[in-house]
Every structure is written in C-alpha cells, then in structure tokens.
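In: Structure of the sequence below:
(chains A and B)
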Protein chains: 2
Amino acid sequence: MAATGGRRCRRLEGETARAVLANVDTLLFDCDGVLWRGEAALSGAPAALGRLAAAGKRLCYVTNNSSRTRVAYTEKLRRLGFPPAEPRHVFGSAFCAARYLRQALPPGAAAYVLGGPALSAELEAAGIPHLGPGPAALPGPAPADWAQAPLEPAVRAVLVGFDEHFSYAKLCQALRYLLRGPDCLLVGTNRDNRLPLEGGSAIPGTGCLVKAVETAAEREAFIVGKPSRYIFDCVASEFDIDPARTIMVGDRLDTDILMGNTCGLTTLLTLTGVSTLEEVRGHQESDCPARQGLVPDYYVDSIADLLPALED
Amino acid sequence: MAATGGRRCRRLEGETARAVLANVDTLLFDCDGVLWRGEAALSGAPAALGRLAAAGKRLCYVTNNSSRTRVAYTEKLRRLGFPPAEPRHVFGSAFCAARYLRQALPPGAAAYVLGGPALSAELEAAGIPHLGPGPAALPGPAPADWAQAPLEPAVRAVLVGFDEHFSYAKLCQALRYLLRGPDCLLVGTNRDNRLPLEGGSAIPGTGCLVKAVETAAEREAFIVGKPSRYIFDCVASEFDIDPARTIMVGDRLDTDILMGNTCGLTTLLTLTGVSTLEEVRGHQESDCPARQGLVPDYYVDSIADLLPALED
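Out: Presented below is the predicted three-dimensional model:
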C-alpha cells in the first residue's frame, strides 16, 4: 500500500519528488485534464512525459472516455507531442468494456450497445457481435408498439457508454433485453456524470445514461472504468505491474485517485482539471472512512512540475 | 392517522367493509391497475364506483401519469362507464406540476419541459410559458456545439415528465439550464421507474428520465406525484378533505399506499395491478421502519369486492 493511516496529500517537489520517481517503474496517466484539455496539450506535459520515457519508465494511459479507440489515443498523443505510445499502452473504457464482454459472454453472444463508433470498433476488434450504435426511432406511435419491436435473440448483454444518440427508444430496447433475466449482463463504461468542456461549460456524461438504464432495469451495472479496479486489472494483465512501484496520475478524486488508492498504487493529483485542493481538505477532515479513499498521496499544480525532478 | 403501531393489511370485506365505507366521505383512486388496464375497465369497477357515487361519496382520481390532461381523464372515465367526473376531480401529475410551477415561479418565468402534449396543455392552462416538448436534435456534430445552443433567458425551471422523445440533446439542454444556478428549479412529475403494459411487458417510466437529469445536475428534483404529499395537498386545496374520513385506493405500495399512509389516510390495496400480498408481508416482517409505511390498512382482490358492502 502506498500509505497507511491517513494519506497526506503533500506537494510532490524537490528531493521527495526525486525519491518517489526513482522508486517507480510505471506511471498510469488519466488524459483529459492531466495531459491535455480538448485539443491542446497542457504546457510542459509532453516534455515531462518525454523525460519519464527517456528515464526508462513505462507510461500507460487509463481513461474513462469511451468515445475513442486505443489507436485514436496513440494518434492524439503523437499529434500533441507526447512520446510515442503503442495501442497496447492505452486502456480506454471502450477497449476494457470489450475485453470484459469477451471474458464474460458465452461464444457467439451479442451485445446491445448504447454508444458510438469507438465502442463499436473495440467490440469489433474483440470479436463481439453487437447492435445499437447510431440514432434509433421509436417503432410506432403507441407504447404497445414500443414493447413489441424486434429483439435480437443472440443479445446477452447491454453495454452503456457515451452515446450522443441516447434516446427513450434506446432506453426501451435496453430494458427489454434486460427483462429477459439475469443472463443478460448490464455493463457500463463509467459513471462520470459530466464531461467538462473548455471554458467552464459541461455536458452530461455516461453516468447519466447508466443511471437511466439501471433505474428502468432495477439492476446495478458492472462498471468497467475508474474507480472500478477492473480497468487496473486490464493494465496488470498486459504488463508486469508492481503496485508498490506504480503511480496513478489524475485530476479527479472520485475516479483516478480512488481507483489508484483502491489498487494500492501511489496516487498523484494534478490541479489542471476537475478536482481542487479544497475538496481534498474536505475529505481529509471528514469522519467518513470512505472519503479517506479520495485523498491522494501527493499533488502537483501541473505535471510540468515534475520536470525539475527529472533533470539529470 | 389511519392506524397506530403496525398496519395490518386485512382483507376489507363483510361488516368491516360496511363500517369502513360508512365512515368515509372521500375516496381517492389511482387509475391504471385499479380502475382499468389500458383501454379496458376492470370488471365490476364501474359498478362499484357508481354505487359509491350514488351513496354520496366524493370520488377523486389521483394519478402519476403525466401523459393525459384532466379533461382527457374525465373522457376516459365516461368512455369506460364510470360515473360522471368533472376535470376538477382529476389530479394527474401533469396538472399538479403545472400548479406547482404557477406557485413557485416568479411571474413571466418559463419552464424547459421534457414531456408531451398533455404536460404542455396543463402548463398552457396554468399560464406558464414553456418550451421543449417534441423531438430535439443535437445542434451540431461536436460537444462544443452542444454547449453553445441558444438558451431561452426566461427559463427558471426544468420540468421532467414522461417524454417518449427524451434524448441526449434534451438532457444536455436541461443540464445547461440547471447550471445557471439554484434559481432554476428542477421538478419531476413522478419517479415511477416502469410503466407496466398489458400482457406483462413494461416500458421505462418517468423515474428513469428524472434520474438522468438529477445525475447530470447533481441535484435532487422536487417530485409532484405519489408518494410525494404534494399531490394530496392539491386535492386538499380544492376540496374540504378530512384525512380521517378519506381512503386512498391503489395498486402500488411504493406510490399509492405510501402517499396515503404519509398523509394520514386509510389505505386500501387492490391486487389488480403492480404490487402483491407477498410484497406486503415482506414489508411487515422487515426491521426497517421506513418499510412499515408501505403496508396498507386493507386489501381487496379487486375493487369489485366492495360491491356487497355497498348494497342497500
């Protein structure tokens, strides 16, 4: 475990930063709010990752975003000047959801998908037959029509990811598949309730869609993304990971930091994204034991702050 | 209060039925699953209500369904052979939501509505400007476009009812109105998570849509429909109601019976709809005090069972 008793959330700088980084083999990075915002790399972030790579560290990318494939992430990293990454270093919730279904579904079983092209591509790559992506219309004017639309007999899972075409018609189909019984799995890519946009605005996140389906089905979804440890298990299954020599770097306490703490990693909060030091202090001062899991071991204003500790 | 200590859920028959009905002025009826299923009256229900009306009882109709206006309900009652009802005896969640907004909004303020023509008609009748009903498309291909669609400056409430055109685009607009701050109210017609259809199938209910909006907004909606006491307060504001001389008749423990018990009414479960005696027994045997509120005072297999007690 990274820490016993209460985590301290100390600023990672100077000799501490050198010592912590010297004892680390692998760094897991959340992406949006940590490495970039939208299409712009955060200042100093590509240089910091370049030095980590040059120092022989393994860099992996762990993101709840289900709207990009592994390949699309490696292209974005290259485009923004980060060190070269291979698709196998990228653990997006679309890839991990497809991996989960490949393990959990019997051969030939299909998934009904609320999601977009990236989720579809990762399912395709994993060999999971699926249907659902894209707009869907109600199959008639009356509720009785909606409850009689054709269902695909092979469907044994409903997978909920980010879906800009989410609609009542799709919610209805999802419920009908789930009403077939517990043999039909319910899987969500993540519970992020909002996606922050540049300029301070926000749009609804996948968590809203997962909640709608869970409410209809009266069932809890299996969640693939952070803070679920499943996404870390995916990393650990592809690489030889020693949790005691691994850092999780993220900007959200309730996903990145909680997952890292749960999995026994060292956790580092960057203040370039969603969560604030004030929120950390609130968790530290709380009597609620669960909130201690939201406190990181360390914080930096930006991962560019790691640069001095990485100089020769 | 209708009962002290644990409620007994006794079958309402014979002399008890005569005595209970003799001591009642007003009966509040849920509709679907109590009076009818779909377009068919339940056998004996029109006759039972006819006798109650002939005996001078006041009959009101209290329904979470937001897809019909007061007027549409009176027409359906007439069509199915129930005693004549006036619109003012019908308390649907569409009417009650409009009433709530008329009280809660400043003059001229508007509502953004997830809902259909009935909700729109009741808002119109209450003089609340509103927008939203009907299909909505995303205002462009990218998240940045979605976060920049025009907003109506007068909107001071988001109202969530049953909306077969519910979509990510609408969820996005709802969130953007709610992000204006706590001055923008969040109101839901009800939390029913499913609407049962004839033949045992079901479609997602308004509760799923409310949950999606609440999750995005990180706020709890004010709920107008059962089990909220607001819908009973609407009845009590239009009629001189003595709770001790009023029966709530319904088929759902978590809405009809809970609301009736909360408001100090006598509660009567009919077994022609959603809830079962087995569920009642589960609540009775539970250690959880909240579940005692789900136990009715009485039950009947069907409200036709009241007929003998209503004979001269």
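In: The closest residue to chain B within the stretch 1-150 of chain A and B:Leu42: what is the separation?
Out: Closest residue of the stretch 1-150 of chain A to chain B, C-beta to the nearest C-beta: A:Ala147 (4.2 Å). Where C-beta positions appear, they are placed from N, C-alpha and C, glycine not excepted. A:Ala147 sits at a distance of 21 Å from B:Leu42 (criterion: C-beta to C-beta, to the nearest Å).
In: Residue numbers of the stretch 1-150 of chain A in contact with chain B?
Out: A:Leu138, A:Pro143, A:Ala144, A:Trp146, A:Ala147, A:Gln148 (C-beta under 8 Å from any C-beta of the partner chain).
In: contacting residues for A:Cys288?
Out: Contacts for A:Cys288 were tallied using C-beta atoms under 8 Å, 6 or more residues apart in numbering or on different chains; there are none.
In: Which of the residues of the stretch 1-150 of chain A next to chain B fall in helices?
Out: Using DSSP state H, the members of the residues of the stretch 1-150 of chain A next to chain B that fall in helices are A:Pro143, A:Ala144, A:Trp146.
In: Filter those down to the buried ones.
Out: Among these, those that count as buried by neighbour count (16 or more other C-beta atoms under 10 Å in any protein chain shown) are A:Pro143, A:Trp146.
In: between the ones in helices among the residues of the stretch 1-150 of chain A next to chain B, which is closest to A:Gly127?
Out: For these, the closest approach to A:Gly127 (C-beta to C-beta) belongs to A:Trp146, at 31.2 Å.
In: on that earlier part again, quick check: the residue of the stretch 1-150 of chain A closest to chain B vs B:Asp287, distance?
Out: As defined by C-beta to C-beta, A:Ala147 lies at a distance of 37 Å from B:Asp287.
In: Which of those two has more residues huddled nearby?
Out: Taking other C-beta atoms under 10 Å in any protein chain shown, A:Ala147 and B:Asp287 do not tie; A:Ala147 has more neighbours (21 against 6).
In: dump the residue contacts of the more buried one.
Out: Going by C-beta under 8 Å, 6+ apart, the list of residues near A:Ala147 reads A:Cys172, A:Arg176, B:Leu197, B:Ser201, B:Ala202, B:Ile203.
In: Now do the strands in the stretch 151-300 of chain A.
Out: A:155-160, A:185-188, A:194-196, A:202-204, A:222-223, A:246-250, A:266-270, A:298-300 (DSSP state E, counting those that start in this stretch).
In: now the residues of the stretch 1-150 of chain A next to chain B as CSV including distance to A:Arg99 and pLDDT?
Out: Shown next, in CSV, are these (distance: C-beta to C-beta, whole Å; pLDDT from 0 to 100):
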residue, distance to A:Arg99, pLDDT
A:Leu138, 33, 93
A:Pro143, 37, 91
A:Ala144, 39, 89
A:Trp146, 33, 93
A:Ala147, 33, 90
A:Gln148, 34, 89
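In: Which secondary structure state does A:Phe91 sit in?
Out: strand (DSSP: H, G, I helix; E, B strand; the rest coil).
In: Now do the same contact list for the spatially most central residue of chain A.
Out: Closest to where the C-alpha atoms of chain A average out (C-alpha atoms, centre = their mean) is A:Asn64, at 1.9 Å. By C-beta under 8 Å, 6+ apart, the residues touching A:Asn64 are A:Gly92, A:Ser93, A:Thr189, A:Asn190, A:Asp192, A:Thr206, A:Gly225, A:Lys226, A:Ile231, A:Thr255.
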